[in-house]
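Visitor: Just need the structure, nothing else, for what follows:
(one chain, ligands or ions: 1)
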Amino acid sequence: MSDKGRVGIVGAGLGGVAAAGLLEKAGFDVVLFDQAPAFARLGAGIQFGPNVIKILSTLDGLAEKLESVSCLPDYWVSRKWDDGTVMAKIPLNAERERYGAPYITIHRGDLHQAMLNCISPERVKYNHKLVDFTDDGKSVTLEFENGVTEKVDFLIGSDGINSRIREKMFGYEAPLSTGWIAHRAIIPGAAAKSLGADLNAKWWSEDRHIVCYYLDRNEDEFYLVTGEPAEWTSSVGQLPSTRDEFRAAFKGFHPMVQGYIDATETVTKWPLNTRPPLPVWHQGRTVLLGDSCHPMKPHMAQGAAMAVEDAAVLARCLSEIGTSDLTHTFSIYQSARKERATKVQTISNANTWLRQPEDPYWCYGDNIYDLTIG
Ligand code: FAD
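Guide: This next block holds a predicted model:
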C-alpha cells in the first residue's frame with residue numbers, strides 16, 4: 001500500500017495504460033479496470049510521434065523496445081489521389097535529433113501489449129465494466145457490472161469517447177457523428193513493396209483520403225486506413241466490410257492505391273465520431289483524460305498521443321503538487337493540457353494536417369517534461 005493514495009483508473013486503452021504505468025512508477029497504489037474480458041490484439045496500426053515517445057522513454061526499456069520493432073519512416077509524404085504528385089514531404093526521422101525522439105509506426109496490439117508490460121499484472125482488472133460511482137468527498141466508490149465494489153482515493157476516467165464517467169459527471173450527451181467512416185485493413189508488406197509503396201504516405205482527394213504505412217521493422221505488414229464520407233446507422237463501433245466496398249469507395253485513385261486494396265483480405269469499417277471541446281475536465285475526486293474529454297477525428301494521428309500526454313501531465317501534477325487538494329491539482333492539470341489538446345482536436349477534425357508543406361515542430365518537438373507545473 002502506498003501513502004500517496006489508491007488511484008482507480010477506468011479504461012485500459014492507451015491513455016489509461018500510460019497513466020497506470022506512470023503513476024505506479026511514481027509510487028501510487030494503482031488499480032486499472034477495463035470492461036473487456038481480456039487483452040485483445042486489435043488488427044490496426046498506429047503512428048506515435050516524438051512527443052509521445054519522449055514520455056514512453058521514462059518507462060523502463062519501453063521506448064527502446066518500441067523502436068526495435070517498429071517502422072521508422074524518414075518522411076511523411078502527401079500525394080495527390082489520382083496521379084500521385086507529391087504535395088508535401090515532411091521530415092519525420094530525417095529530423096529525429098531536432099524533434100528529440102523517433103517517430104514510429106507500429107501494430108496497435110504490439111504497442112498496447114508493450115505498454116501493458118510496464119504495469120504490474122496484478123494491478124490490471126479485466127471484466128470490470130463500471131456502471132456507477134459515488135464521491136463522498138473523502139473517497140470514490142466504484143460499482144461494476146460484475147457486482148464488485150471498490151473504494152479508491154481518486155478516480156481517473158480514461159474510458160473513451162462513450163465515457164460512463166463523463167456522463168455521470170456532466171450528464172448524457174450523444175457523440176457527434178462526423179458523417180465520415182474509416183476503412184481499415186492490413187496487407188502483406190511484400191505486396192506493398194512490389195507496388196513501390198512509400199514508408200508512410202497519405203493520398204488525398206477533395207473529399208477522402210487513404211493513409212498507408214508499414215507496421216514493423218521487417219516491413220512484413222502494411223496498413224491501410226481511410227477517411228471518407230459515409231453514413232453510419234449501426235449502434236456498434238465497428239463492422240466487417242469487404243474488398244469490393246473498399247474498392248468502390250476509392251474508384252479512380254492511383255493504380256498503387258488500387259493495388260493495395262486488391263491485396264486486402266479482411267476489411268473492417270469504423271464510424272468517426274467526435275465531441276465539442278469539454279469546458280471542464282474534473283469534478284470532486286474524479287478527473288478525465290484522452291478520448292473521454294477530447295475525442296477527435298483521427299486525421300493528425302495524435303488522438304492517443306494526446307491521451308498519453310494527458311496521462312503524463314496528470315502524473316506530474318499528482319506527484320509534484322500532491323493530492324491533499326485535488327480540485328487544485330486537477331485544475332492545474334486541466335490548464336496545462338486544455339489549450340494544446342483543443343488545438344490538436346480542432347486541426348484533426350479539419351483534416352488539414354501535413355497536406356501542404358508545414359513545420360510540425362510545435363506538435364512533435366513538444367516535451368511535457370519541459371512544462372513548469374503549478
Ligand atoms: P480508448 O482507446 O477508447 O480506451 C477506452 C477504454 O475504456 C477501452 O479499453 C474500453 O474497453 C474501456 N471502457 C469504456 N467504458 C468502460 C466502462 N464503463 N468500464 C470499464 N472500461 C470501460 N491516435 C494516435 O495517436 N495515432 C494514430 O495513428 C491514430 N490513428 C487512429 C485511426 C483511427 C481510424 C481511429 C478511429 C483513431 C486513431 N487514433 C490515433 C486515435 C486513438 O485511437 C484514440 O484517440 C485513442 O485510442 C484514445 O485512447 P483512450 O485511452 O482515451 O481511449
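Visitor: Mind naming the longest helix for this protein?
Guide: For the chain, the helix that runs over the most residues, judged by DSSP state H, is helix 326-350.
Visitor: Which residues of the stretch 1-150 of the chain lie near the ligand?
Guide: 10-16, 33-36, 46-47, 128-130 (C-beta under 6 Å from any ligand atom). C-beta: built from backbone N, CA, C; applies to glycine.
Visitor: Run the chain-centre distance for the longest helix of the chain.
Guide: Mean C-alpha position of helix 326-350 versus that of the full chain (C-alpha atoms, centre = their mean, to the nearest Å) differs by 15 Å.
Visitor: After that helix, which helix or strand is next?
Guide: The first helix or strand that comes after helix 326-350 along the chain, using DSSP states H and E, is helix 361-364.
Visitor: helices and strands around that following helix, which ones?
Guide: helix 50-56, helix 96-99 (3 or more C-beta pairs under 8 Å, 6 or more residues apart in numbering; DSSP states H and E).
Visitor: mind redoing it with 10 Å?
Guide: Where contact means 3 or more C-beta pairs under 10 Å, 6 or more residues apart in numbering; DSSP states H and E, helix 361-364 is packed against helix 50-56, strand 86-91, helix 96-99, helix 326-350.
Visitor: From residue 301, how far off is the closest residue in space to residue 260 that isn't next to it in sequence?
Guide: Of all residues beyond its chain neighbours, the one nearest residue 260 is residue 224 (5.6 Å), with distances taken as C-beta to C-beta, 6 or more residues apart in numbering. Distance, residue 224 to residue 301, using C-beta to C-beta, to the nearest Å: 14 Å.
Visitor: what does residue 145 give?
Guide: Using C-beta to C-beta, residue 145 is found at 33 Å from residue 301.
Visitor: out of the two, which sits in the busier spot?
Guide: residue 301 (23 against 12; other C-beta atoms under 10 Å).
Visitor: Can you tell me the element that one falls in?
Guide: Residue-wise, residue 301 maps onto no helix or strand under DSSP H and E.
Visitor: From what I see, it and residue 51 are in contact.
Guide: No: counting by C-beta atoms under 10 Å, residue 301 stays clear of residue 51, with 11.3 Å between them.
Visitor: any shared contact partners between the two?
Guide: Common contact partners of residue 301 and residue 51 (C-beta atoms under 10 Å, 6 or more residues apart in numbering): residue 103.
Visitor: related to what we said a few turns ago, are we agreed that the residue nearest to residue 260 is in a helix?
Guide: No: counting by DSSP: H, G, I helix; E, B strand; the rest coil, residue 224 is not part of a helix but strand.
Visitor: So for stretch 366-374, first residue to last residue, what's the gap.
Guide: Taking C-alpha to C-alpha, to the nearest Å, stretch 366-374 runs 18 Å from one end to the other.
Visitor: in that stretch, what counts as buried?
Guide: Neighbour counts over stretch 366-374 (16 or more other C-beta atoms under 10 Å) mark 366, 368 as buried.
Visitor: can you list contacts of that stretch?
Guide: Here stretch 366-374 makes contact (C-beta under 10 Å, 6+ apart) with 49-52, 54-55, 57-58, 99-101, 305, 308-313, 315-317, 319-321, 328-329, 332-333, 336-337, 340.
Visitor: Domain map for this structure?
Guide: 6-174+275-370, 177-274 (automatic domain parsing).
Visitor: any residue of the shortest one up close to the ligand?
Guide: Yes: counting by C-beta under 6 Å from any ligand atom, the ligand is contacted by domain 177-274 at 182, 225, 270.
Visitor: that older thread, could you list every helix and strand that the longest helix of the chain packs against?
Guide: If you count contacts as 3+ C-beta pairs under 10 Å, 6+ apart, helix 326-350 packs onto strand 154-157, strand 176-188, strand 267-274, strand 282-283, strand 286-288, helix 303-320, helix 361-364.
Visitor: low-scoring stretches of the chain, by residue?
Guide: Across the chain, the ranges flagged by pLDDT under 70 are 1-2.
Visitor: mind running it again at 80?
Guide: Per-residue confidence for the chain (pLDDT under 80) gives these ranges: 1-3, 43, 374.
Visitor: thinking again about what came up before, tell me the angle of the longest helix of the chain relative to strand 267-274?
Guide: Counting by axes from the mean of the first three to the mean of the last three C-alpha atoms, to 10 degrees, helix 326-350 lies at 120 degrees to strand 267-274.
Visitor: how much does helix 326-350 deviate in direction from strand 176-188?
Guide: 70 degrees.
Visitor: Run the angle between helix 326-350 and helix 303-320 for me.
Guide: Going by the same axes, to 10 degrees, helix 326-350 is angled at 160 degrees with respect to helix 303-320.
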